[in-house]
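1. need a structure here:
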Amino acid sequence: MVGLLAGGLVCLLVINTTLAAGSYQIGRLQQDNSAASQRVQQLQQQVTEEQAPATIQQRALQLGMREQPVLNFVDLRDGRLYSTAANLPPEYAAPGYTP
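-> As a prediction, the model looks like this:
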């Protein structure tokens, strides 16, 4: 009878230890998941900021890119070259382009 009780206590101790270790691991994984989620949000915000037109223009100027005074387009249907001034309002006036 004492052996049976001792065996039951040992089994109970093993089960409790296993559950405690699993609980610890779940808590650690939840913290890791929370940190990863915050990092994803930071990266998404950074991508949004980097995609802003003003940021792109500033980065292009830092890289040495300059605005062209004349834009050249090729009509792919007949191969003709068209030139337009770059200071036109921002609309798509390229021949053959239909949005």
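2. excluding its backbone neighbours, what's nearest Ala85?
-> Val70 (6.4 Å; Cβ to Cβ, 6 or more residues apart in numbering). For glycine as for every other residue, the C-beta is placed from the backbone atoms N, C-alpha and C.
3. correct me, but that neighbour touches Leu81?
-> No - using Cβ atoms under 8 Å, Val70 is not in contact with Leu81; the gap is 11.3 Å.
4. tell me which element the residue positioned nearest the centre of the chain falls in.
-> Compute the mean C-alpha point of the chain, and by Cα atoms, centre = their mean the closest residue is Gln44, 4.7 Å away. Assignment of secondary structure by DSSP states H and E places Gln44 within helix 2-50.
5. gap between that helix and the chain center?
-> Distance, stretch centre to chain centre, for helix 2-50: 26 Å (Cα atoms, centre = their mean, to the nearest Å).
6. Counting by contacts, list what that helix packs against.
-> Identification of packing neighbours for helix 2-50 by 3 or more Cβ pairs under 8 Å, 6 or more residues apart in numbering; DSSP states H and E yields no helix or strand.
7. Give the buried residues for the next helix or strand after that helix.
-> The helix or strand immediately downstream of helix 2-50 is helix 53-62, counting by DSSP H and E. Judged by neighbour count (16 or more other Cβ atoms under 10 Å), helix 53-62 contains no buried residues.
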